[in-house]
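A.B. asks: Pasting the sequence and the predicted coordinates here, then a few questions.
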Amino acid sequence: MVYKIKYHKLGNSTFLDNLDYLEQNWSKRLISSYLDRIDKIIALIEINPEVFPKWKDNLIIRKVVIVKQITMFYEIKKETINILLFWNNYQNPNNLIELLNK
């Protein structure tokens with residue numbers, strides 16, 4: 001079964017925020033590589049959403065490191081994968097807990 005991918009509002013905005021930052025600080029080649037990696041990861045998740053580990057003890061939210069600076073969080077709901085957040089790993093982790101618990 002192939003799952004449907006949906007971006008949560010926060011998932012979409014954090015994706016765009018990170019992309020803006022990368023466009024200012026990375027080369028086009030590195031940005032292209034980053035976007036290709038996201039595409040490959042999402043393709044894996046569509047087929048097997050449980051391929052990546054659960055976040056802490058949470059039974060629904062899972063995480064995948066896109067690059068060492070950015071981690072994507074998602075949840076599985078029936079036949080849908082909700083992309084919740086693209087997290088800059090250099091931020092305060094307490095803010096992450098707040099955002100994912102909303």
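C.D. replies: Happy to help now that I have it.

A.B. asks: Heading C-terminal from the longest helix seen in the chain, find the next helix or strand.
C.D. replies: In terms of residue count, the longest helix belonging to the chain (DSSP state H) is helix 28-47. Remark: after helix 28-47, the chain's next helix or strand is strand 61-67, criterion DSSP states H and E.

A.B. asks: rewinding a little: got the angle between the longest helix of the chain and strand 61-67?
C.D. replies: Relative orientation of helix 28-47 and strand 61-67, computed by axes from the mean of the first three to the mean of the last three Cα atoms, to 10 degrees: 150 degrees.

A.B. asks: and helix 28-47, how far from the chain's centre?
C.D. replies: Offset of helix 28-47 from its chain centre (Cα atoms, centre = their mean, to the nearest Å): 11 Å.

A.B. asks: list the contacts for Glu75?
C.D. replies: 60-62, 81-82, 84 (Cβ atoms under 8 Å, 6 or more residues apart in numbering). All C-beta spots, glycine's among them, are computed from the backbone N, C-alpha and C.

A.B. asks: what sits against Tyr3?
C.D. replies: 45-47, 49, 76, 79-81.

A.B. asks: Now, of the residues you listed, which are buried?
C.D. replies: With neighbours counted by 16 or more other Cβ atoms under 10 Å, the contacts of Tyr3 contain buried members at 45, 49, 76, 81.

A.B. asks: quick one: the residue sitting nearest the centre point of the chain from Leu35, how far?
C.D. replies: The chain has Met72 as the residue nearest its centroid, 2.0 Å off, counting by Cα atoms, centre = their mean. Using Cβ to Cβ, to the nearest Å, Met72 is found at 12 Å from Leu35.

A.B. asks: CA atoms only for the longest helix of the chain, dumped as CSV, please.
C.D. replies: C-alpha atoms of helix 28-47 as CSV (Å, rounded to 0.1, in the frame of the first residue of the first chain):
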residue,chain,number,x,y,z
LYS,A,28,22.8,25.4,-5.4
ARG,A,29,24.4,21.9,-5.7
LEU,A,30,24.1,21.3,-1.9
ILE,A,31,20.5,22.5,-1.9
SER,A,32,19.7,20.3,-4.8
SER,A,33,21.2,17.3,-3.0
TYR,A,34,19.2,18.2,0.1
LEU,A,35,15.9,18.3,-1.8
ASP,A,36,16.7,15.0,-3.6
ARG,A,37,17.3,13.5,-0.2
ILE,A,38,13.9,14.7,1.1
ASP,A,39,12.3,13.2,-2.1
LYS,A,40,14.0,9.8,-1.5
ILE,A,41,13.0,9.7,2.1
ILE,A,42,9.4,10.6,1.4
ALA,A,43,9.3,7.9,-1.3
LEU,A,44,10.5,5.4,1.3
ILE,A,45,7.9,6.6,3.9
GLU,A,46,5.1,6.3,1.3
ILE,A,47,5.8,2.6,0.9
